[in-house]
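Q: Dropping the sequence and predicted coords here.
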Amino acid sequence: MAVLRAPRVRHTPAYGENEGVPTPRVISSPNVWRWPDVYELENRAQDADGAIWRALRAAVGPWDGAHVVDVGCGDGFHLPVFAATAGTVTGIEPHPALVARARRRTAGLANTTVHSGHAQATGLPAGSVDLVHARTAYFFGPGCEPGFDEADRILRPGGALAIVDLDATAAPYGGWLRADLPRYDPHAVQAFFDRRGFSTTLVDTMWRFDDRHAMESVLRIEFSAAVAARAIAATVDLAIPVRYRLHVRLRRL
């Protein structure tokens, strides 16, 4: 299964082959796997005004009392937001070091657990989940189908799969992303989601950093050296406009 290999974006679920038997694997995510402390600065800066959260609630409704699963949860940054109102929250993450960090982050949340697992093999019971959320974990379209199938398996009828990814057509961030990934076609990826019954909402956000050192550190783990230098030079203050795409599909009854 052909999947673009991007060294500086969140992992993309895919399949490997072991003597003809499909086995779960992931494409590594060096930005958060290698530099989790810098990625923490990025998480704090992202969506400074909460636009993604508002769009998510508008698209899927409140998750009060629901069972929410965050696929590719990383070190669990978003889990406490869900846990504030959800009935139960489950984080799924393939990288052991991040699983440990996510468990430490959520240690005081009685309704939250973190599992070591994959998008296409969560280990959760069928029909047990109300919302499957994946943020910047899917980018490439073809190759993600096993994760979609697993989401459909664990979702209750009427439950929602919500995928948040970056809109590579929107400047300036999208231009930097495409410079590093010249084979990436955001229009083809959108068509992929359209064919599979997802509705898409474009969400304009602002990344805001506390200081220039944090901003430059984040851009250096997100992009190649040349593109990071270009992005740093183009960013004269501590804010970067970034557009996301929110793809939502309800599980059929």
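A: Done, it's in.

Q: Show the model's pLDDT score for the nearest residue to residue 123 once chain neighbours are set aside.
A: What sits nearest to residue 123 in space, not counting adjacent residues and going by C-beta to C-beta, 6 or more residues apart in numbering, is residue 117, at 5.3 Å. (Glycine included, C-beta is placed from N, CA and C.) The model reports residue 117 with a pLDDT of 93.

Q: number of nearby residues for residue 117?
A: Residue 117 has 21 neighbouring residues, counting by other C-beta atoms under 10 Å.

Q: Checking my notes, residue 131 in a strand, right?
A: Yes. Per DSSP: H, G, I helix; E, B strand; the rest coil, residue 131 lies within a strand segment.

Q: Next, work out how far apart the nearest residue to it once chain neighbours are set aside and residue 205 are.
A: Leaving aside its chain neighbours, residue 131 sits nearest to residue 68 (4.7 Å; criterion: C-beta to C-beta, 6+ apart). Here residue 68 is placed at a distance of 21 Å from residue 205 (C-beta to C-beta, to the nearest Å).

Q: quick one, which of these two is more surrounded?
A: residue 68 (27 against 19).

Q: What are the boundaries of the helices in the stretch 1-150 of the chain?
A: Ranges of helices within the stretch 1-150 of the chain are 30-34, 36-45, 51-60, 79-83, 96-105, 145-154, based on DSSP state H, counting those that start in this stretch.

Q: how about those in TSV, adding mean neighbour count?
A: Conversion of the helices of the stretch 1-150 of the chain to TSV gives the following (neighbours: other C-beta atoms under 10 Å):
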stretch	mean neighbour count
helix 30-34	18
helix 36-45	18
helix 51-60	17
helix 79-83	20
helix 96-105	18
helix 145-154	20
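
Q: now those as JSON lines including mean pLDDT and distance to residue 122?
A: Converted to JSON lines, the helices of the stretch 1-150 of the chain look like this (pLDDT from 0 to 100; distance: least, C-beta to C-beta, whole Å):
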{"stretch": "helix 30-34", "mean pLDDT": "75", "distance to residue 122": "19"}
{"stretch": "helix 36-45", "mean pLDDT": "95", "distance to residue 122": "22"}
{"stretch": "helix 51-60", "mean pLDDT": "98", "distance to residue 122": "19"}
{"stretch": "helix 79-83", "mean pLDDT": "98", "distance to residue 122": "15"}
{"stretch": "helix 96-105", "mean pLDDT": "97", "distance to residue 122": "13"}
{"stretch": "helix 145-154", "mean pLDDT": "94", "distance to residue 122": "6"}
